[in-house]
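Visitor: Any chance you could fold what I've pasted below:
(one chain, ligands or ions: 1)
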Amino acid sequence: MTNIKIILGSTRDNRLGEKVFSWVVNEASKNPNINVEGIDLKEYNIPFFNLAMNPTYMDNPGYTGDLEKLSKKINEADGFIFVMPEYNHGYTGVLKNMIDTFYNEWRLKPATFVSYGGISGGIRAVEQLRLVLIELQMIPIRSSVHIPLIFTQIDDKGLLKEETKEAAHLDATIEDIEWWAKTLKEPRESRLKN
Ligand SMILES: Cc1cc2nc3c(=O)[nH]c(=O)nc-3n(C[C@H](O)[C@H](O)[C@H](O)COP(=O)(O)O)c2cc1C
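Guide: Numbers count the residues shown, from 1 in each chain. From the prediction side, this is the model:
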């Protein structure tokens with residue numbers, strides 16, 4: 001089985017991200033080829049980056065507590081879906097802080113994105129994140145989902161509207177990330193052993 005972790009990159013009170021996140025986790029869970037786990041960054045105490053060394057050059061940075069928990073979860077992953085809003089034409093600070101905190105955990109793994117925001121649907125944030133992930137030796141894939149005007153896409157029950165979900169074609173993106181994650185798993189594991 002391929003392990004896909006879905007990371008929610010917004011932690012503010014009243015975030016709309018929760019609604020997008022639960023839809024993505026739910027849809028991905030329907031795919032019989034993947035083990036899915038949602039990671040809500042709000043549930044972890046992640047300090048502003050304060051390691052004495054750059055994790056890029058450390059085999060074992062000695063994480064404890066929530067960082068150790070998070071490190072294990074990222075390690076288990078074969079691929080990622082970042083559920084993320086756009087803040088001031090970029091991606092969120094919580095996401096950058098969390099990404100910088102780890103290195104080996106991310107290496108040689110593919111990632112895709114379900115973004116949301118105003119008119120741009122979070123595209124600018126995703127394009128920036130793609131550049132950053134390359135430095136972590138990750139593979140940002142082409143397929144992704146972008147939801148514009150997120151504040152108009154919530155129904156009376158407080159859930160993402162059915163027509164919004166249908167228009168998004170999330171299933172194709174999930175299939176793609178599953179393919180990349182599965183395809184890279186064995187070569188990654190053998191390269192990291194050496
Ligand atoms: C600090 C801040 C900056 C924002 N900047 C942008 C922006 O540059 N582009 C955009 O499309 N939406 C922007 N928005 C709107 C958000 O995309 C929208 O509020 C979304 O719901 C935020 O995600 P969240 O509710 O999960 O935090 C901004 C929102 C916040 C809070």
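Visitor: and D13, what is it in contact with?
Guide: Under the criterion of C-beta atoms under 8 Å, 6 or more residues apart in numbering, D13 has no neighbours. Every C-beta, even on glycine, is put in place using the N, C-alpha and C of the backbone.
Visitor: State the pLDDT value of it.
Guide: On the pLDDT scale, D13 is placed at 97.
Visitor: three-state assignment of it?
Guide: Secondary structure, DSSP: H, G, I helix; E, B strand; the rest coil: D13 is coil.
Visitor: So it versus K42, what's the distance?
Guide: 9 Å (C-beta to C-beta, to the nearest Å).
Visitor: cool, and F113?
Guide: From F113 to K42 the distance is 19 Å (C-beta to C-beta).
Visitor: Look at these two and report which has more neighbours.
Guide: More crowded of F113 and K42, by other C-beta atoms under 10 Å: F113, with 27 against 15.
Visitor: That one should be in a strand, yeah?
Guide: Yes: assessed with three-state DSSP, F113 lies in a strand.
Visitor: Hmm, N33 and M1 touching each other?
Guide: Yes: counting by C-beta atoms under 8 Å, M1 does reach N33; the two are 7.0 Å apart.
Visitor: Compare these two (neighbour count), which wins?
Guide: Higher neighbour count among M1 and N33: N33, with 13 against 10, using other C-beta under 10 Å.
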